[in-house]
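Colleague: Here is my input; please provide its structure:
(chains A, B, C, D, E and F)
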6 protein chains.
Amino acid sequence: MLLHLCTWEEVETYLKRSTGIIVPIGSTEQHGPNGLIGTDAICAEVFAKAVGAAADALVAPTINVGMAQHHMGFPGSMTLRPTTLIAVLRDTVQSLARHGFERVFFLNGHGGNVATVNVAFSEIYAETSLNPASSNGTGVRCTLRNWWDAPSARRLSRELFGSEEGSHATPSEVSVTYHTYPEAAKSVAELSPRVAPSGGFADAADYRRRYPDGRIGSNPALASAAHGKTIMDTVVPELVELYRGFVAA
Amino acid sequence: MLLHLCTWEEVETYLKRSTGIIVPIGSTEQHGPNGLIGTDAICAEVFAKAVGAAADALVAPTINVGMAQHHMGFPGSMTLRPTTLIAVLRDTVQSLARHGFERVFFLNGHGGNVATVNVAFSEIYAETSLNPASSNGTGVRCTLRNWWDAPSARRLSRELFGSEEGSHATPSEVSVTYHTYPEAAKSVAELSPRVAPSGGFADAADYRRRYPDGRIGSNPALASAAHGKTIMDTVVPELVELYRGFVAA
Amino acid sequence: MLLHLCTWEEVETYLKRSTGIIVPIGSTEQHGPNGLIGTDAICAEVFAKAVGAAADALVAPTINVGMAQHHMGFPGSMTLRPTTLIAVLRDTVQSLARHGFERVFFLNGHGGNVATVNVAFSEIYAETSLNPASSNGTGVRCTLRNWWDAPSARRLSRELFGSEEGSHATPSEVSVTYHTYPEAAKSVAELSPRVAPSGGFADAADYRRRYPDGRIGSNPALASAAHGKTIMDTVVPELVELYRGFVAA
Amino acid sequence: MLLHLCTWEEVETYLKRSTGIIVPIGSTEQHGPNGLIGTDAICAEVFAKAVGAAADALVAPTINVGMAQHHMGFPGSMTLRPTTLIAVLRDTVQSLARHGFERVFFLNGHGGNVATVNVAFSEIYAETSLNPASSNGTGVRCTLRNWWDAPSARRLSRELFGSEEGSHATPSEVSVTYHTYPEAAKSVAELSPRVAPSGGFADAADYRRRYPDGRIGSNPALASAAHGKTIMDTVVPELVELYRGFVAA
Amino acid sequence: MLLHLCTWEEVETYLKRSTGIIVPIGSTEQHGPNGLIGTDAICAEVFAKAVGAAADALVAPTINVGMAQHHMGFPGSMTLRPTTLIAVLRDTVQSLARHGFERVFFLNGHGGNVATVNVAFSEIYAETSLNPASSNGTGVRCTLRNWWDAPSARRLSRELFGSEEGSHATPSEVSVTYHTYPEAAKSVAELSPRVAPSGGFADAADYRRRYPDGRIGSNPALASAAHGKTIMDTVVPELVELYRGFVAA
Amino acid sequence: MLLHLCTWEEVETYLKRSTGIIVPIGSTEQHGPNGLIGTDAICAEVFAKAVGAAADALVAPTINVGMAQHHMGFPGSMTLRPTTLIAVLRDTVQSLARHGFERVFFLNGHGGNVATVNVAFSEIYAETSLNPASSNGTGVRCTLRNWWDAPSARRLSRELFGSEEGSHATPSEVSVTYHTYPEAAKSVAELSPRVAPSGGFADAADYRRRYPDGRIGSNPALASAAHGKTIMDTVVPELVELYRGFVAA
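Modeller: Okay, the predicted model is just below:
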């Protein structure tokens, strides 16, 4: 069930049988020579829809722009400042808690969001932790899950791409987007270097200096829509279990 | 061109021929007994895609949640506080300006966003107005356009729905969403009252008291996918002209 | 009754018979070659005093500086950033609500304030909309009225100044200030051009480029203290009715 | 010269001969049984006007509402949160510095503003202190002067009111307001106790508990318009010297 | 008792006999040619420990960095923006109030903190002053005491250092740090000038221009560990009385 | 070298040979039945001092209070809201960068700080990433290192405490504090249960419900000053290498 395609009365009915909801959160940022700028948002959204369908869970609209300051050296990348994203997440959770949602499952498509999203949870919890009598103390619980951290996703990535998976613009995520939007798949010759360098980074200038075409440690030329389908078919059932466990806790 | 489906190199190429971009902004909020919660985001997105295709313009990802505090009395509605949305819009425009975008055209699907978006523009402009030497002074220009305010949209609404258009959960906007997602169209018997009451409102409790099923002044039972197609076919060309005029100014 | 000239015990007594209050809000910004920098604050204040006297309503002190980022290219203009003004308005309304005021009528003298003031109302309402049990939920209601938008003001402006009223540094507002402070009236020869150009604007540099002497669409050489008196005599009774209707609702 | 009554061209001319400006800052808060709620704003404004006239200095509009959280237990009192007032002062100073004002002299009518105004100066200075290359580094200098702290004001208060001056709702400040607005002077019988208790306070409830009629340490029954005239005639010349010294430094 | 060296069960026991706590607050900033950068934090901490020991009071960890924007022209100085420090103090007080602490005694080592700390108290109190029903209304009371403002400290400084005490990098405070960390005492020849100039300052550049070696009005060559011991032995008992009085009030 | 015990001229000299600095960051929060509330701040500080001494690196004062919202159910715990801590870290880094420090090495004692500190780095970097011409773009680089994550610390913990190390109030960290402050070591009988339960948590109430005596997964009765000495002797050299590598990069 997609929140966007429900009426409010349908949501009212849903809340009688479940207080869980899935919120996809992605990013809008460069993904190397053949990856889509929307890769992380697309992945978060397509996994969320599939998990929602399988688990009969409501899926909120996708947060399309995340924390991607380090990608700003590449045209088309967008970012929220971390403090802006924290405010967005606070308002998101308070909006949902207002209606009785008690388990908010953020399905994440972007590693760069992880710290900020967890900090936002702490910011939200801090209100009741500092002031237990607060009327904001709704008992809402939040969690964040990265689709690529599911054990099945890690296993599959090793099988399909071995040491060429890398950590940004990975063949796994690019494959999922090609499966989702086959018309947007980019044909790419051999990349040079075949596998991008690895390491850390600070701001956008530093990132671009280290990773001139945007990839980190990956060879996304291995991506294909077929691999994307395999990944989704394999990982979705595991995410469904994670969601069910979270809602039941 | 959808930013989400481009690579960064494709955006780099685009920027050589245009510095304009369209940003759809909607809302996630109740739209009466048969309207979708995502109505405003869906309309903003579908109009933006059509305008982008016709004008060969880049379209950024949709801002799905807007300012909808007054709808929070109905399950499923979500809102950003106005000051949160201002921060989101500031970061959005700064992200785009960073790459050389100079004309940011917000295509809006929600009346409740208008004041906040315009205030965000003032907040952005205030930096260079107060400090002309500021390195943030990029010369970026922003505009906001509501699809339903296009004269052709107003004309068509009068023709199709007369005095039953109203101002929230209108048959026009519901028709556009049914045309976009026909599988989500809701069948609805006669509404009671046929046309919802009209007027103002303050907070969410006040809104729900005045408008018990969520509509204001409208009879969305008149909505149909066919009307939605007519509206889009009629209004898109006018929005294309508005976009072209803005970019050329 | 002016709040500034009351004792607290007089306010306590007032609150037994009314919970309404008028807050004048203006701006401090250039008003063309012969308009006063305080035009908008002066107009808001003088109308508020007259309405307060006629309606036996309490009048709070004037908010003298508003949102005028676009005027900062002209010496003497002052502005609050929109987010600053939102905080001011939130504290203003919370201060008044603390004492039992339930109807806060902002009488506005500056078009550039409209969006920000309405956004501030939404920011205030959002607290109870997101959290109905909030102890901040006082039931206070706010409205904003521009004196020049009263139908009688529009009618009179057409009669007196026809197509030369314009939208900034108008003969109407300049007349009201000359009536209020005759000693500050400026003598001005024919302006050149007689009627200023019209249009939009972005930041302060853009505004000054388009409107070199500060006026938009107006010929304030038509202003006179006598016209100011006529305007006040005509418009005040209508504003009194608006105030009474708001307080009674 | 009052900024409110100038045109922008007159300000442009003024800036050629001086970069100093006076900003009156007051408060809107209870002043005991016979003191006006606007006492502090009225005093700041009337002293500022007199100093401006004598020193040929420009006077900005009055900041009418200050930091008065401790007075909120008495009807009609208004306050800005300290952080709101800091933002107002930052925008005020940046607005003035934008035009070339380099010496901003805050003439203060309210003891409760002192800490916050000085903190605002530090917040403003911190930008260039942390980042000397900042384009916000305008070299603007700010000072705060309380009219009652002028040695002549202290001397006169001792002569006129001896140990009954106190520290809130003092006969000195009430006298200045009665001189300014004789029509608003309140007749008051002997107060009980004749002299209010003295001491400290925390929040508004604590304040009202300690000082039930609002006064601290004072007997404002001694106030008169005639005393107000004496005070102004005596103190203004000293404030003029303070202003001149500040602008020359 | 040092909070840092207690278990939570020991704090639970303490709260049964007292709701008072001492919070040392200092600064990290230049203190002239022979003063330590940590002077203010060291003094606050060592006085707090001594007062805590003598009064059987709990001592929280030291706030080491305060408001020192004006010292940023000298290497090693650190500052929080005033608004940052206000947030730190708000969270500090709310954390303590959460556990039942009702009297928070800030023992201050830095004159530059005074305004900001008092403003933070007002910011905290403002919540209950504006909204008495607030669940944040804990009844907590805060006070700030500067160790050097104790009459015994002023008396001793006159005896020991006469007119060479000054106001920054004073021989008194330097002596206290030498007593505390004798291994860090710096040997210094005659300073030039012997006594530093006095006066005010604005931002960091202005400060460094006026006070090239960092001192204001002082001759810290007079400092010695022995004087430091005398100062502590003399002043601590007075601070103990101040603390006891505050907690009992 | 401790910044607190240097003069500004000594820092000036230091900066000629190194632009690196170590900032210890801890927390003030419950650490189970026999752990000190200051455990995390003590560990961060003592490791930082040892690393600074061995690497001839400057050590800034300790940030004693961190992000510990989840511990607020236990008396004596203190927390900064995450957004407050982000502001503190931004001001800290800007202060140091102002003087020419280019490598800021945060030595962390508290797992609960990790996400917030990394988010603060992103917030700092975002300014230059969004605005490369910004005068705030100092090229400063930050890193965070947890002492317990050093491979030698993990190895030693396994050897000394095996499966009873746990994740909060661990015998390792308690040992380090007992070694540092032997006088504060608490004698404790067998704990019950011997090893605390493990798992996650949300807000403070949830944490206390799951972990009634504050520990997670640990048996801190195994702690001893002697173990603390072993840990420090083993881990410091590795941290020195990490610091040197960071500064050289």
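Colleague: Please name the residues that touch the closest residue to A:Gly52 other than its chain neighbours.
Modeller: Once flanking residues are discounted, A:Gly52 sits nearest to A:Val59: 3.8 Å by Cβ to Cβ, 6 or more residues apart in numbering or on different chains. Every C-beta, even on glycine, is put in place using the N, C-alpha and C of the backbone. Going by Cβ atoms under 8 Å, 6 or more residues apart in numbering or on different chains, A:Val59 touches A:Met1, A:Leu2, A:Leu3, A:Ile21, A:Ile22, A:Val23, A:Pro24, A:Ala48, A:Lys49, A:Val51, A:Gly52.
Colleague: Look through chain A and tell me its longest helix.
Modeller: Longest helix in chain A by number of residues (criterion: DSSP state H): helix A:225-248.
Colleague: What residues sit buried inside it?
Modeller: The neighbour-count check on helix A:225-248 (16 or more other Cβ atoms under 10 Å in any protein chain shown) flags A:225, A:227-228, A:230-232, A:235-236, A:238-240, A:242-244, A:246-247 as buried.
Colleague: Within reach of chain C, which of these are there?
Modeller: When Cβ under 8 Å from any Cβ of the partner chain is taken as the criterion, no member of those contacts chain C.
Colleague: from these, which two are the most distant?
Modeller: For the buried residues of helix A:225-248, with distances taken as Cβ to Cβ, the pair at the greatest spread is A:Ala225 and A:Val247 (31.6 Å).
Colleague: What parts of chain A come near chain E?
Modeller: Residues of chain A lying close to chain E (Cβ under 8 Å from any Cβ) are A:Ser129, A:Leu130, A:Asn131, A:Pro132, A:Ala133, A:Ser134, A:Ser135.
Colleague: separation between the second one and E:Thr143?
Modeller: Relative to E:Thr143, A:Leu130 is positioned 22 Å away (criterion: Cβ to Cβ, to the nearest Å).
Colleague: Do a quick rundown of the strands in chain A.
Modeller: For chain A, the strands defined by DSSP state E occupy A:20-25, A:58-59, A:103-108, A:141-146.
Colleague: and those strands as a markdown table, adding mean pLDDT?
Modeller: Shown next, in a markdown table, are these (pLDDT from 0 to 100):
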| stretch | mean pLDDT |
| --- | --- |
| strand A:20-25 | 98 |
| strand A:58-59 | 98 |
| strand A:103-108 | 98 |
| strand A:141-146 | 98 |
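Colleague: what would these look like in TSV with distance to A:Glu9?
Modeller: Below are the strands of chain A laid out as TSV (distance: least, Cβ to Cβ, whole Å):
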stretch	distance to A:Glu9
strand A:20-25	17
strand A:58-59	14
strand A:103-108	22
strand A:141-146	26
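Colleague: how many other residues sit next to the spatially closest residue to A:Pro237 that is not a sequence neighbour?
Modeller: Leaving aside its chain neighbours, A:Pro237 sits nearest to A:Ala54 (7.2 Å; criterion: Cβ to Cβ, 6+ apart). Using other Cβ atoms under 10 Å in any protein chain shown, A:Ala54 is surrounded by 15 other residues.
Colleague: Quick check: pLDDT value at A:Ala54.
Modeller: Per-residue confidence (pLDDT) for A:Ala54: 98.
Colleague: Residue of chain A nearest chain D, please.
Modeller: Residue nearest to chain D within chain A (Cβ to the nearest Cβ): A:Thr83, separated by 15.6 Å.
Colleague: Leaving aside the residues adjacent along the chain, what's closest to A:His179?
Modeller: Counting by Cβ to Cβ, 6+ apart, A:Gly228 is the residue found nearest to A:His179 once chain neighbours are left out, at 2.8 Å.
Colleague: these two touch, right, the one you found and A:Tyr181?
Modeller: No. Counting by Cβ atoms under 8 Å, A:Tyr181 is not a contact partner of A:Gly228; they are 9.9 Å apart.
Colleague: What count of nearby residues applies to whichever residue of chain A sits closest to chain E?
Modeller: Proximity of chain A to chain E (Cβ to the nearest Cβ) peaks at A:Ala133, 4.2 Å away. Neighbour count for A:Ala133, taken as other Cβ under 10 Å: 12.
Colleague: Over to it: give its phi and psi.
Modeller: Backbone dihedrals for A:Ala133, given as degrees, to the nearest 10, come out at phi -80, psi 0.
Colleague: what does the model give it for pLDDT?
Modeller: On the pLDDT scale, A:Ala133 gets 81.
Colleague: Let's see which of the residues of chain A next to chain E end up in helices.
Modeller: With DSSP H as the criterion, helices contain A:Ser129, A:Leu130 from among the residues of chain A next to chain E.
Colleague: Chain D next: which of the residues of chain A next to chain E are close?
Modeller: Near chain D, by the rule Cβ under 8 Å from any Cβ, you find none of the residues of chain A next to chain E.
Colleague: re the thing from before, can I get the contacts of A:Val59 in JSON lines including neighbour count?
Modeller: Formatted as JSON lines, these follow (neighbours: other Cβ atoms under 10 Å in any protein chain shown):
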{"residue": "A:Met1", "neighbour count": "19"}
{"residue": "A:Leu2", "neighbour count": "19"}
{"residue": "A:Leu3", "neighbour count": "26"}
{"residue": "A:Ile21", "neighbour count": "26"}
{"residue": "A:Ile22", "neighbour count": "27"}
{"residue": "A:Val23", "neighbour count": "27"}
{"residue": "A:Pro24", "neighbour count": "28"}
{"residue": "A:Ala48", "neighbour count": "29"}
{"residue": "A:Lys49", "neighbour count": "19"}
{"residue": "A:Val51", "neighbour count": "27"}
{"residue": "A:Gly52", "neighbour count": "23"}
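Colleague: Of the residues you listed, just say which sits nearest to chain B.
Modeller: Lowest distance from chain B to the contacts of A:Val59 (Cβ to the nearest Cβ) belongs to A:Leu3, with 5.6 Å.
Colleague: what about A:Glu183, how many neighbours?
Modeller: Number of residues near A:Glu183 (other Cβ under 10 Å) recorded here: 6.
Colleague: And it, how far from A:Cys43?
Modeller: Going from A:Glu183 to A:Cys43 by Cβ to Cβ gives 17 Å.
Colleague: same thing with A:Ala133?
Modeller: A:Ala133 sits 41 Å away from A:Cys43, taking Cβ to Cβ as the criterion.
Colleague: Tell me the one of the buried residues of helix A:225-248 nearest D:Glu10?
Modeller: Using Cβ to Cβ, these come closest to D:Glu10 at A:Phe246, 67.1 Å.
Colleague: what number of residues lie near A:Arg209?
Modeller: 11.
Colleague: Not counting stretch A:120-137 itself, show me its contacts.
Modeller: With contact meaning Cβ under 8 Å, 6+ apart, stretch A:120-137 is reached by A:85-86, A:89-90, A:93-94, A:140, A:142, A:144, C:131, C:133-135, E:91, E:94-95, E:98, E:135-136, F:67, F:69-70, F:72-73, F:79, F:81-83, F:112, F:115-116, F:202-205.
Colleague: Got a quick PyMOL command for the buried subset of the residues you listed?
Modeller: The PyMOL command for the buried members of the contacts of stretch A:120-137 (criterion: 16+ other Cβ under 10 Å) is given here:
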select buried, (chain A and resi 85+86+89+90+93+94+140+142+144) or (chain C and resi 131+134+135) or (chain E and resi 91+94+95+98+135+136) or (chain F and resi 67+69+70+72+73+79+81+82+83+112+115+116+202+203+204+205)
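Colleague: hang on, the earlier thing: so for A:Gly166, which of the strands of chain A sits nearest?
Modeller: strand A:141-146 (15.2 Å).
Colleague: mind checking which of the strands of chain A is nearest C:Ala153?
Modeller: Closest approach to C:Ala153 among the strands of chain A is made by strand A:20-25 (48.3 Å; Cβ to Cβ).
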